[in-house]
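Engineer: missing the sequence, but the structure's below:
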């Protein structure tokens, strides 16, 4: 996914997550920089899905979604959003990840909203009858 961006509403600053700390305290470029969840406000938490939500990208995005849900839960948010604007391909493992997100969110008494769902992804969700699990925003 390349560089990860964390957007903060305070001052509307964008901070690139380019490094990770080692146990020695030194910072080095992250070989596995991943997308960080965005907290746009105390009640709006967003994760941007990759262009292809398939087996090869699932594990990395799963970490992002789990972190999103945990951080949102700590902030007592009622809802998390997965932005699918860039996602034009999804397979069974990607659908499974969305279901996992829904279950984790429900365990924390939150809902999952899917935003900017592409027509091909929406059609697959309708065919598999998974669309009823989510709040789908236009």
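Structural biologist: Structure received. Remember, predicted model here, so these are calculated numbers, not experimental data. Numbering: from 1, shown residues only.
Engineer: Buried residues in the helix or strand containing residue 123, which are they?
Structural biologist: In this assignment (DSSP states H and E), residue 123 forms part of helix 119-127. Buried residues in helix 119-127, counted by 16 or more other C-beta atoms under 10 Å: 121, 124-125. (Glycine included, C-beta is placed from N, CA and C.)
Engineer: so what strands line up beside the next helix or strand after that helix?
Structural biologist: Counting by DSSP H and E, the next helix or strand C-terminal to helix 119-127 is strand 135-136. According to DSSP bridges, strand 135-136 forms sheet pairs with strand 111-115 (parallel).
Engineer: Flag the shaky bits of this structure, pLDDT-wise.
Structural biologist: 1-42, 138 (pLDDT under 70).
Engineer: Run through the strands of it in chain order.
Structural biologist: In the chain, the strands defined using DSSP state E lie at 4-8, 13-17, 19-21, 27-29, 38-41, 44-48, 52-53, 79-83, 89-90, 111-115, 135-136.
Engineer: The residue lying closest to residue 89 once chain neighbours are set aside: what's it in contact with?
Structural biologist: Nearest-residue entry for residue 89: residue 52, 4.4 Å, with adjacent residues in sequence omitted and distances by C-beta to C-beta, 6 or more residues apart in numbering. By C-beta atoms under 8 Å, 6 or more residues apart in numbering, the contact set of residue 52 is 87-90.
Engineer: go again using 10 Å as the cut-off
Structural biologist: 58, 61, 86-91, 94 (C-beta atoms under 10 Å, 6 or more residues apart in numbering).
Engineer: Which of those residues are buried, as a PyMOL select command?
Structural biologist: Selection of buried members from these for PyMOL, criterion 16+ other C-beta under 10 Å:
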select buried, resi 58+61+87+90+94
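Engineer: what's the helix ranked longest in the chain packed up against?
Structural biologist: For the chain, the helix that runs over the most residues, judged by DSSP state H, is helix 55-74. With contacts taken as 3 or more C-beta pairs under 10 Å, 6 or more residues apart in numbering; DSSP states H and E, helix 55-74 sits against strand 38-41, strand 44-48, strand 52-53, strand 79-83, strand 89-90, helix 92-107, strand 111-115.
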